[in-house]
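[1] With the input below, show me the fold.
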Amino acid sequence: ARRTNPREEQVIMPQIQYSEKYYDDVYEYRHVVLPPDIAKLLPKGRLLSEAEWRGLGVQQSRGWVHYAIHRPEPHIMLYRRTLNYGQPALTDAANKANQQ
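    Now for the predicted structure:
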């Protein structure tokens, strides 16, 4: 009997797709497109917590918030986080030192 390679038996599943980031004056944004097999697991009509969207397999760095539902296409998840998230803010002393 021929041994099969597990890689040969894998079914190609549609992947979660991540957009490039886009920006306004306050936030950076991105959207995530879920394949149908994952999208059917989304709860109807509410935003997901970080634990929930990570539980679906969405992988992003810290700070992203699921902030809106695009009703015509609920499988497209909309995320945002504040600009410069995670970068230490300059203290007043550092600001004054930089101004001199």
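[2] rounded to a whole number, what's the mean pLDDT of stretch 47-58?
    Averaged across stretch 47-58, the pLDDT comes to 96.
[3] if I look at the most centrally placed residue in the chain, how far off is residue 14?
    In the chain, the centroid-proximal residue (C-alpha atoms, centre = their mean) is residue 60; its distance is 4.8 Å. Using C-beta to C-beta, to the nearest Å, residue 60 is found at 18 Å from residue 14. No exception for glycine: its C-beta is placed from N, CA and C like everyone else's.
[4] on that earlier part again, in contact with the closest residue to the residue nearest to the centre of the chain other than its chain neighbours: list those residues for me.
    Closest residue to residue 60 apart from its sequence neighbours, by C-beta to C-beta, 6 or more residues apart in numbering: residue 79 at 7.0 Å. Applying C-beta atoms under 8 Å, 6 or more residues apart in numbering to residue 79 gives the contacts 29-32, 60, 64-67.
[5] for residue 19, same thing?
    Contacts here follow C-beta under 8 Å, 6+ apart; on that basis residue 19 touches 30-33.
[6] Closest one of the contacts of residue 79 to residue 85?
    Nearest to residue 85 among the contacts of residue 79, counting by C-beta to C-beta, is residue 64 at 8.4 Å.
[7] Just the helices from the protein, written as ranges.
    Applying DSSP state H to the chain gives helices spanning 6-9, 36-39, 50-55, 92-99.
[8] where does residue 72 land on pLDDT?
    Looking at residue 72, its pLDDT is 91.
[9] whoops, I mixed them up, residue 44
    Looking at residue 44, the pLDDT reads 89.
[10] cool, residue 62 as well?
    For residue 62, the predicted pLDDT is 94.
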